[in-house]
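J.: turn this into a model:
(chains A and B)
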Amino acid sequence: SQTIHQWPATLVQPVGSPLSLECTVEGTSNPNLYWYRQAAGRGLQLLFYSIGIDQISSEVPQNLSASRPQDRQFILSSKKLLLSDSGFYLCAWTGQFTEAFFGQGTRLTVV
Amino acid sequence: SQQGEEDPQALSIQEGENATMNCSYKTSINNLQWYRQNSGRGLVHLILIRSNEREKHSGRLRVTLDTSKKSSSLLITASRAADTASYFCATDIQGAQKLVFGQGTRLTINP
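T.: A predicted model of the protein is given here:
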């Protein structure tokens, strides 16, 4: 069966520090991969999505970047965190035209 | 940018009553999906309705889709306290292979 792993669960980072959040999927090949951010009590903002290795689309120009070094690995990065980068980050995967499966999320607090 | 808009933003009802949430969207879709999120957790898929379908049932859930009005509704019948959560609609955008979420409806079931 397919599983998705996202870590860490919580992270407190100082302003100006780098960020790396990792997401891996098991049990499927060539998934569509997504990074979302959710502010408290709000909806999910699509940050990046990828339909294949080296095929990454950015939805919102900002302080973050994404990479997909392997078919089932999706990484969200920042060189220098801002206070406004705080939030709940969710990784998800889908097949083509299928439902999304989410990781448990990473709560990032930038201090 | 956000595609789906849920209505209402918050809904509070008594246990045993039915809960109805609505979603409107802007562009052509492959399918529309509904998800549930308990506080601070990842999202869980509830039901998917394809663009050529008009109604779908799953247990106590009933989803309708009107592509001419670009709208969908989620009905939860005989609500239970455990149904308390946030509910989101998501649209699989035609031609883009990306899944875009709305702002959600926060549902509270009072015992």
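
J.: quick one, phi/psi of A:E59?
T.: Main-chain torsions, A:E59, degrees, to the nearest 10: phi -90, psi -30.

J.: ok, now which ones touch it?
T.: A:E59 is in contact with A:45-49, B:1, B:98, counting by CB atoms under 8 Å, 6 or more residues apart in numbering or on different chains. The C-beta positions use only the backbone N, C-alpha and C, and glycine is treated the same way.

J.: can you redo those as TSV with neighbour count, distance to A:D71 and secondary structure?
T.: Below are the contacts of A:E59 laid out as TSV (neighbours: other CB atoms under 10 Å in any protein chain shown; distance: CB to CB, whole Å; DSSP: H, G, I helix; E, B strand; the rest coil):
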residue	neighbour count	distance to A:D71	secondary structure
A:Q45	20	25	strand
A:L46	23	21	strand
A:L47	21	20	strand
A:F48	23	16	strand
A:Y49	24	15	strand
B:S1	8	28	coil
B:K98	20	18	coil
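
J.: from the residues you listed, pick the one nearest B:N110.
T.: Minimum distance to B:N110 across the contacts of A:E59 is 30.5 Å, recorded for A:Q45 (CB to CB).

J.: who is that closest one paired with across the strands?
T.: Beta-bridge pairing of A:Q45 under DSSP bridges involves A:R37.

J.: what sits against it?
T.: By CB under 8 Å, 6+ apart, the contact list for A:Q45 reads A:36-39, A:59-60, B:2.

J.: done for today, thanks.
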